[in-house]
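*Asks:* below are the sequence and a predicted model for it; my questions follow.
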Amino acid sequence: MRELALLTFLTLDGVMQAPSVPEEDLSGGFGHGGWARPCWDDVMPQVMRVAMNEPYDLVLGRTTYDLFASNFPNAPEDNPVARKLNAATKHVVTSSDGLTWANSQRIEGNVVDEITKLKAADGPLLQVHGSWQLAQTLIANHLVDEYRLWTFPVIVGSGKRLFGENIDRSTLTLVEAEPGPSGALMHIYRSPGRDAG
């Protein structure tokens, strides 16, 4: 049995859409892409130390997979983020083929059933990065054991929010918090009924 952790960058008003580059996700007319960049160099070492240091497999939606697959396989070998992501097994929720990034496997059929099977199997932590639509499904079906959230000192007003209107009310348990030098704040929360380690 293994756990699933959701790793997400958020604005102060809860938007997770397109943190890294302006053209990352323009859906819905979103024009604020790249909002996390001013804090990126301060946050990424913390992300690596806290959330990406242990072994893990990735679970990704197709849009996030395609974004990552277009960047990380060709990144310099001394890039620690790329090294971790390239080595991880990638479980990708998609209805189409063309998974060219090494160690990629397609999740077919009922997403909830397939993620439940992945969690029941032996292996390292399952970690979801970004993947807004997939995150909504996982949250709604109570499949997230831990939220690894980085909140940036930015307000964008609109965009895809991590916790949408159709999410059930829930009380999470804070297990770790740490500010960064540029004002971004890391919070790690456990879902109800999950022990903190």
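*Replies:* Received the coordinates, thanks.

*Asks:* when you work out contacts or count neighbours from here on, use the C-alpha atoms and nothing else.
*Replies:* Fine.

*Asks:* what are the buried residues along the helix or strand hosting residue 63?
*Replies:* Here residue 63, judged by DSSP states H and E, is contained in helix 62-69. By neighbour count on 16 or more other CA atoms under 10 Å, the buried set for helix 62-69 is 62-66, 68-69.

*Asks:* also stretch 82-100?
*Replies:* Neighbour counts over stretch 82-100 (16+ other CA under 10 Å) mark 82, 84-86, 88-94, 99 as buried.

*Asks:* check contacts around the most centrally placed residue in the chain.
*Replies:* For the chain, the residue nearest the mean C-alpha position is residue 129 (1.9 Å; CA atoms, centre = their mean). Applying CA atoms under 8 Å, 6 or more residues apart in numbering, we find residue 129 in contact with 6-8, 58-60, 64.

*Asks:* now do 6 Å
*Replies:* residue 7 (CA atoms under 6 Å, 6 or more residues apart in numbering).

*Asks:* okay, it: pLDDT?
*Replies:* Residue 129 carries a pLDDT value of 95.

*Asks:* cool, and the one 5 residues further on?
*Replies:* What the model reports as pLDDT for residue 134 is 95.

*Asks:* surely it is in a helix?
*Replies:* Yes: under DSSP: H, G, I helix; E, B strand; the rest coil, residue 134 sits within a helix.
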